[in-house]
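[1] 3D model of this:
(one chain, ligands or ions: 2)
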Amino acid sequence: MIPAGAPIVTAAQMRAAEDAVFRTGVSQAALMERAGEAVAREAARFAMGRPILVLAGPGNNGGDAYVAARLLHANGHDVALVATGAPKPGAAAEMHARWRGPTSSLYAARPRPVLIDGLFGTGMARPLERGLAAVFADLASHADFTLAIDLPSGIDTDSGDDLGAPRGIDATVALGALKPAHLIGAGLERSGHVILADIGIPVETRSRTVARPSLATPGIHSHKYTRGLVAVIEGAMPGAARLSARAAMAGGAGYVVLAGGEPWGAGPDALVRREVGTSEDLAEFLGWDRIDAIVLGPGLGRDRRAEAFLRTAFAAPKPLVLDGDALSLLGTGAARWLQSRTAPTWLTPHAGEFDRMFAGQGSKIDRTLAAAAETGATILHKGPDTVIASPKGDVRILSGASPWLSTAGTGDVLAGILGAQVAQGGKGVAPAEAAVWLHARAAGLAGAAFIADRLIDPLAEAITECL
Ligand SMILES: NC(=O)C1=CN([C@@H]2O[C@H](COP(=O)(O)OP(=O)(O)OC[C@H]3O[C@@H](n4cnc5c(N)ncnc54)[C@H](O)[C@@H]3O)[C@@H](O)[C@H]2O)[C@H](O)CC1
Ligand SMILES: [K+]
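    Numbering: from 1, shown residues only. Ligands and ions are numbered 1, 2, ... in the order given. The predicted model follows:
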């Protein structure tokens, strides 16, 4: 479980936010006291009287750990503490001095039912030393419940990369704001349940976790054309485009046209079909001014006809959602192609498609932001940690959606939902945020072992929850 609509900051942004608080006259010790209080509160809730072992590192994360240990001890808990070294001067040393209970060295530590990890937080600068990682993993595996302070020690704050964190951390108290470590990469599964604690640090950021969208009931004078017309283009595998078209219909569009080779092909009766054989046919169809959004790519194929369709869609001055084969066709030329667009574009690559289009360095967030800035498109970078980034620098992350989504066709459904949201006039991250929320919610409602087709019907209930 990860808090929705919550701010996400990097280590540097968090330090800047803390510095701003210090400038208002709040001391580092006071902030640390609040952090330790939040940790002690959650630890007490989960410990339910069981003995607690606190691990305290040398920095301020360790400082938080000393505070939590002191408060838990004062509240009658059986607390033992292990310090990995002398605390650094300042608030951490002050909190160390105020801890009067037993302190042992790491290698003498005995497992206890509840473990609190205060080894390292946003200051993690390199992989955990091997001996330390082994002891930490052993203590965590023998604990019934492990709680990490701020983030699991051994996860890189900004990339979520694994720097030696153990498995089996049950919960993490994120201090002040979420960090990428809670949401992406190895950090997603290693953080466990994430609890966001407000410790009075205002943060400014354009990055948030995906929240339930606020959708509107159609107005009294609405009709099919005012609610958004989506054109889905069929290709070599018509089933994929049909899934997108059905998802666009169920995802809130007023009118969906499936343009392709089979004017009498399968699909719901409400689905309008339009025969389009050549790129000239397609150009003529896309000239229809009623069209609000185009979805191209699911099952498109990668032959010459597919490429001609892609060029034609690119030339249409309409909002465009590109998925699947359209992304593979763009390949390394994606940025060059996309810079020629005059209307907004959304790309929905999974990791493989993203890597074929963009080089880039850094975390998944950095790479997605860089690709959005380079192309001018909003990018919905799919995965267990879906990162949405706009050219303006807005980021939305949805992590931990149903793992049953890892089945063929679910991406086609997402592209269709996004088409419907774009057709209703959404800009930048907003339609993408709504689409991933509805998609994840439909998956939750579909339960286990579903096929992509089964995501369509629950969309009605998911939308109802957003009205
Ligand atoms: N800044 C504040 O006032 C508050 C911060 N809070 C908590 O503090 C941590 C961040 O603290 P910081 O001191 O910057 O870093 P760490 O405690 O994470 O560790 C830094 C310390 O450890 C050394 N180090 C880094 N990586 C390793 C490693 N792999 N092996 C050994 N040593 C390592 C590094 O050189 C430093 O000396 C934040 O997460 C919060 O928990 C409070 O929440 C509020 C006040
Ligand atoms: K920690």
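
[2] Where does pLDDT dip in the stretch 251-400 of the chain?
    Counting by pLDDT under 70, not a single residue of the stretch 251-400 of the chain qualifies.

[3] any idea how far the residue of it found nearest ligand 1 lies from Ala125?
    When you check the stretch 251-400 of the chain against ligand 1 by Cβ to the nearest ligand atom, the closest residue turns out to be Ser363, at 17.4 Å. Quick note: C-beta positions are derived from backbone N, CA and C, even for glycine. With the distance defined as Cβ to Cβ, to the nearest Å, Ser363 ends up 16 Å from Ala125.

[4] repeat for Leu119
    Between Leu119 and Ala125 the distance, using Cβ to Cβ, works out to 13 Å.

[5] what does Ala140 give?
    21 Å.

[6] and those two? which has more neighbours close in?
    Between Ala140 and Ala125, Ala140 has the larger neighbour count (other Cβ atoms under 10 Å), namely 22 against 11.

[7] Got phi/psi on the residue nearest to that one when sequence neighbours are not counted?
    The shortest distance from Ala140 to any residue other than its chain neighbours is 4.3 Å, reached at Pro166 (Cβ to Cβ, 6 or more residues apart in numbering). Comment: the main-chain dihedrals of Pro166 come out as phi -80, psi 160, following degrees, to the nearest 10.

[8] residue contacts, Pro166?
    Going by Cβ atoms under 8 Å, 6 or more residues apart in numbering, Pro166 touches Ala133, Phe136, Ala137, Ala140, Ser141, Thr146, Pro152, Gly154, Arg190.

[9] Could you find the closest non-adjacent residue to Pro213?
    Taking Cβ to Cβ, 6+ apart, and ignoring the residues beside it in sequence, Pro213 has Ala434 as its nearest neighbour in space, at 3.8 Å.

[10] got a pLDDT number for the residue of the stretch 151-300 of the chain found nearest ligand 2?
    For the stretch 151-300 of the chain, the nearest residue to ligand 2 under the criterion Cβ to the ion is Ser153, separated by 4.2 Å. Per-residue confidence (pLDDT) for Ser153: 98.

[11] Residues of the stretch 151-300 of the chain that sit close to ligand 1?
    If contact is defined as Cβ under 6 Å from any ligand atom, the residues of the stretch 151-300 of the chain in contact with ligand 1 are Leu175.

[12] Recalculate using a threshold of 8 Å.
    Proximity of the stretch 151-300 of the chain to ligand 1 is confined to Leu151, Ser153, Gly154, Thr157, Leu163, Gly164, Leu175, Gly176, Ile199, Ile201 under the rule Cβ under 8 Å from any ligand atom.

[13] ok, which pair from those is furthest apart?
    Gly164 and Ile201 (27.5 Å; Cβ to Cβ).

[14] What's the mean pLDDT across the helix or strand Met249 falls within?
    Using DSSP states H and E, Met249 sits in helix 238-250. Model confidence over helix 238-250 averages 96 on the pLDDT scale.
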